[in-house]
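# predicted model and sequence below, questions to follow.
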Amino acid sequence: MEFGRPVGRDGKPNHFVTGSLGAQYASEIKPGQSEIEKGMIHLNERETAKLSKLFVTAFHLAQREMPFTEFVEFLRLQTVNFDVHLMKNHCSDKQARTFVKFIAQNITATIMNDVKGGCFTILCDGSTDSSVTEEEIIYVRYIEQVECKPVTKFLCVWGLEKADAAGIYEAIDKALTEIGDFPNWKEKVVSFTSDGAPVMMGRKGGVAAKLRNDVPHVIPIPCIAHRLELAMKNAGKDLSLLSSLDKLMEDVYKFYHYSPLNWTGLQETGEALSIKVVRPVNIYGTRWAGHRRRALMALNTDFIDIYTHCTQVSMTNRGDSGAKARHILDRLKLLEFVLFMHMMLFYFAACAMLSDVFQDNDTSIDLIPVRMHAACAKMTETDVDKMAVDFLNEEVVDGKYKTVQLEKKKRGCST
């Protein structure tokens with residue numbers, strides 16, 4: 001085949017034609033119709049499909065909070081099950097981290113595009129990672145443009161050089177400026193929400209005060225669910241039985257959570273008594289009042305089971321477990337303790353429902369006072385004395401609650 005000739009000596013078209021004849025020949029070939037172009041398009045499509053599968057796999061790991069080292073194993077599994085060849089390039093934990101980084105950047109950019117379109121609220125709280133490094137979790141709340149409804153979105157977790165008001169305020173500013181690419185965010189922010197800690201909501205030196213110094217129109221709004229928890233603690237601070245009840249639920253949780261032997265024994269006791277055992281619940285958690293309610297319900301459901309198992313442990317174990325079991329028994333068999341537990345089931349149920357409303361992202365501002373008035377009415381209008389009498393008449397038979405003989409508190413005895 002010779003250059004400059006439209007047809008080679010072998011009679012086949014010459015694809016290396018130059019000059020005017022080359023231009024004429026090239027004009028007869030439509031874009032995307034040559035074999036080279038078709039091959040490149042097919043190659044790009046295959047590579048794009050492969051990268052798409054890699055991105056989806058990396059996203060699955062991140063969403064399930066799994067280590068990036070599992071990325072290669074997931075790719076091998078897909079290769080075996082679906083006969084897709086993903087093991088040639090980009091198959092390492094470092095590449096998985098890179099994929100997740102780009103996914104996060106894309107999600108953040110989408111969120112910030114909506115945020116920049118109107119006003120927004122900053123929500124943040126402190127956190128500590130596995131390396132005991134102080135960090136700040138930052139969220140933004142804004143009106144979603146398509147459905148025109150308020151949404152709350154996670155923005156980032158930002159490491160703090162110092163966990164004081166100045167350090168947190170600097171972290172918020174850098175997060176919105178650098179990650180959110182929103183240098184003029186102070187012109188659009190309308191409120192700031194966090195817990196009631198002085199470092200966050202302090203009137204003089206808190207983060208809210210520093211933000212108001214720069215943006216006078218910002219409205220600081222303390223977390224209403226956190227305020228409810230503080231109100232509950234303040235209302236019960238003079239009730240010694242309430243602190244004793246919290247201590248009992250905490251002791252029961254630790255007794256079975258940190259000892260597989262005790263938990264297995266509780267399950268075996270439940271099977272012998274034909275009782276479906278509910279795992280004891282930690283009273284401390286993100287749902288505050290909800291955790292206390294669940295812990296109380298679990299303690300009441302497992303009452304006879306826990307009492308029977310602790311009795312067995314106290315008789316057969318003279319060590320630390322036996323001492324803990326005896327301490328739990330001393331409180332479970334007190335009449336006033338059981339009666340108080342029943343009363344708190346009612347009150348914590350009302351508070352937990354209110355707390356859930358406060359923490360629901362779909363709750364509207366007009367719904368909050370309605371639920372608050374309903375919860376307050378339910379608690380104030382209930383005849384507590386009648387509730388106590390009904391419990392003693394219906395649940396306590398011959399001084400026994402669920403076959404457990406109850407005792408009255410002895411003088412000088414502290415729960």
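That came through fine.

# wait, doesn't residue 117 sit right on residue 145?
Yes: when contacts are counted by Cβ atoms under 8 Å, residue 117 is listed as touching residue 145 (5.7 Å). C-beta here means a position set from N, CA and C on the backbone, and glycine is covered the same way.

# okay, those two: which has more neighbours?
Summary of the neighbour comparison: residue 117 and residue 145, criterion other Cβ atoms under 10 Å, with residue 117 having more neighbours (13 against 10).

# whichever strand or helix holds residue 310: what's the following helix or strand?
Secondary-structure assignment from DSSP states H and E places residue 310 in helix 303-316. Past helix 303-316, further along toward the C-terminus, the next helix or strand under DSSP H and E is helix 320-332.

# taking helix 303-316 as reference, get the angle to that next one.
With axes from the mean of the first three to the mean of the last three Cα atoms, to 10 degrees applied, the angle from helix 320-332 to helix 303-316 works out at 140 degrees.

# which elements pack onto the helix or strand just after helix 320-332?
Scanning forward in sequence from helix 320-332, with DSSP H and E defining helices and strands, the next element found is helix 335-359. Applying 3 or more Cβ pairs under 8 Å, 6 or more residues apart in numbering; DSSP states H and E, we find helix 335-359 packed against helix 224-235, helix 240-257, helix 289-301, helix 367-380, helix 384-394.

# for those helices, which one ends up most surrounded?
Per residue and on average, the most neighbours among the helices and strands packed on helix 335-359 fall to helix 289-301, with a mean of 21 (mean count of other Cβ atoms under 10 Å).

# what's the angle between that helix and helix 335-359?
Using the same axes, to 10 degrees, helix 289-301 lies at 150 degrees relative to helix 335-359.

# and the angle from helix 289-301 to helix 240-257?
Here helix 289-301 points in a direction 80 degrees away from that of helix 240-257 (the same axes, to 10 degrees).

# quick one on the thing from earlier: tabulate the helices and strands packed on helix 335-359 in JSON lines, adding columns for distance to residue 407.
Below are these laid out as JSON lines (distance: least, Cβ to Cβ, whole Å):
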{"stretch": "helix 224-235", "distance to residue 407": "28"}
{"stretch": "helix 240-257", "distance to residue 407": "15"}
{"stretch": "helix 289-301", "distance to residue 407": "18"}
{"stretch": "helix 367-380", "distance to residue 407": "30"}
{"stretch": "helix 384-394", "distance to residue 407": "15"}
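
# turn those helices into TSV, including mean pLDDT and distance to residue 341.
Formatted as TSV, the helices and strands packed on helix 335-359 follow (pLDDT from 0 to 100; distance: least, Cβ to Cβ, whole Å):
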stretch	mean pLDDT	distance to residue 341
helix 224-235	83	16
helix 240-257	91	6
helix 289-301	88	7
helix 367-380	87	17
helix 384-394	89	10
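
# pLDDT weak spots in the stretch 201-350 of the chain?
Low-confidence regions of the stretch 201-350 of the chain, defined here as pLDDT under 70, cover residues 285-288.

# end to end on stretch 192-204, go ahead and measure it.
Criterion Cα to Cα, to the nearest Å; first-to-last residue distance in stretch 192-204 is 15 Å.

# residues touching that stretch, excluding its own?
Residues lying outside stretch 192-204 but in contact with it, judged by Cβ atoms under 8 Å, 6 or more residues apart in numbering, are 121-126, 141, 163-165, 168, 205-209, 211, 218-223, 226-227, 230.

# please indicate which of those residues are buried?
When neighbours are counted using 16 or more other Cβ atoms under 10 Å, those contain these buried positions: 121-126, 141, 165, 168, 206-209, 211, 218, 220, 222-223, 226.

# related to what we said a few turns ago, narrow the contacts of stretch 192-204 to those in strands?
Counted as lying in strands by DSSP state E, out of these, are 121, 122, 123, 124, 125, 126, 141, 219, 220, 221, 222.

# of these, closest to residue 307?
residue 125 (39.1 Å; Cβ to Cβ).
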